[in-house]
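Participant: Give the three-dimensional model of this entry:
(chains A and B)
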Amino acid sequence: VATVRYIVGGMDINLTPAMVRVLQEFLKEPARRRFGMEIMRAAKVSSGSLYPALARLERAGWITGETEDIDPKKEGRPARRYYTMTADGVRSARLDLAALSDRTRPPVLPPNWVPGTEPRGI
Amino acid sequence: MFGSWPVTTDEAARPGLGTDWTVAEGLVRTFLGEDWAGWRIAIICAVLAAIAWEIFTALTRRISMRLPFLVLYLARIGLSRTDWEGIRAEVGAELHVMLTEPGFGTVRRFINGMVFALPLAFGGVRRTASVLHQPRRQIRDGLTKKVVTGSVSVLAGAGAAAGTTALLSTQIGAVQAIYVQTIFVSVTATISAGVSVYRRKRRE
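Facilitator: Residues are numbered from 1 along each chain as shown, chains lettered A, B, ... in the order given. Modelled structure (predicted):
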């Protein structure tokens, strides 16, 4: 029987570069279940950054983790854990990534700005 | 085996091998100018080399499968058993898949496994555990407390023992004082150990 480990909400997510890449990867297909190795390769993050990020997301309720329902002896490998994004997670992730994009967007230049005309030596 | 090859016993047909290799000694030239004894040695060497190669490749496979797991298990240090078991099940399964992934050679799989295991061993697992339960701080606090309490107890005990020995030595002599103190410390240590074992069993 597959088990759900944590469904806890209300945790702030610190959007580190690794976390952003992981969220972007999840948001490509939110309903699809993904394994750790798959996310690691697609998001190009190291395992040392991935698993803490997944634990944070899971604890915040943005994703749910479940263990594969397989017979390890029959399959010849241990059961893996896969993650799926929750509806709250999709909404929160989109909002947070949009807010981050707004904060990090370079300021809009005035329409009359011409390269090389700003005063120097002030 | 080499019956179809020209067999010669002519001394002149073996240039450069010297005159000691003679028909009188029972040496017969075969394929590539080697005699039967030479081929026997070559076959034995080939079999031994094949066995050695198989052992080497088996060991390489085994090491390449085991070493990333060993590296991963370094992360166990400092974690509580519950947290380690939970995280190990997940990352161990991924590592297993990585090390048995089809389409890659042994070396590539080994490198992939090490690239996966090293960041986890050096901080990744601990950070994950701290996110999940934050047990490491508790463990560290508990360990610090034990070390400090133990050190204070040992220092206090040593000071008390030295003081009483000095006091006794003025009364009954140094040697007798050391005997008495040794017996006293042994009895006290035994009683303390018994009490601590009893308390631990009672807690469990």
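Participant: Correct me if wrong, but residue A:22 is in a helix.
Facilitator: Yes. Per DSSP: H, G, I helix; E, B strand; the rest coil, residue A:22 lies within a helix segment.
Participant: show me the contacts for it.
Facilitator: By C-beta atoms under 8 Å, 6 or more residues apart in numbering or on different chains, the residues touching residue A:22 are A:39, A:43, A:45, A:50, A:53, A:54, A:57. In short, each C-beta sits where N, CA and C put it, glycine included.
Participant: Among the residues you listed, which ones are in helices?
Facilitator: Counting by DSSP state H, the part of the contacts of residue A:22 found in helices is A:39, A:43, A:50, A:53, A:54, A:57.
Participant: and chain B, which of these reach it?
Facilitator: Counting by C-beta under 8 Å from any C-beta of the partner chain, A:50, A:54 from the ones in helices among the contacts of residue A:22 sit close to chain B.
Participant: Among the ones in helices among the contacts of residue A:22, which pair sits farthest apart?
Facilitator: By the measure C-beta to C-beta, A:43 and A:57 form the most distant pair in the ones in helices among the contacts of residue A:22, at 12.2 Å.
Participant: So for those two, which residue has more residues nearby?
Facilitator: Neighbour count, other C-beta atoms under 10 Å in any protein chain shown: between residue A:43 and residue A:57, residue A:57 has more, with 26 against 21.
Participant: Can you convert the contacts of residue A:22 into TSV and add a column each for pLDDT and distance to residue B:115?
Facilitator: Formatted as TSV, these follow (pLDDT from 0 to 100; distance: C-beta to C-beta, whole Å):
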residue	pLDDT	distance to residue B:115
A:39	94	15
A:43	93	15
A:45	93	12
A:50	94	12
A:53	93	17
A:54	93	18
A:57	92	23
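Participant: Would you mind checking these for buried ones?
Facilitator: A:39, A:43, A:45, A:50, A:53, A:54, A:57 (16 or more other C-beta atoms under 10 Å in any protein chain shown).
Participant: shouldn't the second one be in contact with residue A:20?
Facilitator: No. Residue A:43 sits out of contact with residue A:20 when judged by C-beta atoms under 8 Å, with a separation of 9.0 Å.
Participant: Tell me which residue lies nearest the centroid of chain A.
Facilitator: residue A:23 (2.0 Å; C-alpha atoms, centre = their mean).
Participant: so what pLDDT did that residue get?
Facilitator: We have a pLDDT of 94 for residue A:23.
Participant: For the worst-scoring helix or strand of chain A on mean pLDDT, list the C-alpha coordinates in CSV.
Facilitator: Lowest on mean pLDDT, DSSP states H and E among the helices and strands of chain A sits helix A:72-75, with a mean of 87. What follows is helix A:72-75, C-alpha atoms only, in CSV (Å, rounded to 0.1, in the frame of the first residue of the first chain):
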residue,chain,number,x,y,z
PRO,A,72,10.8,-5.3,-4.6
LYS,A,73,11.7,-9.0,-5.0
LYS,A,74,9.7,-9.3,-8.1
GLU,A,75,11.0,-6.0,-9.6
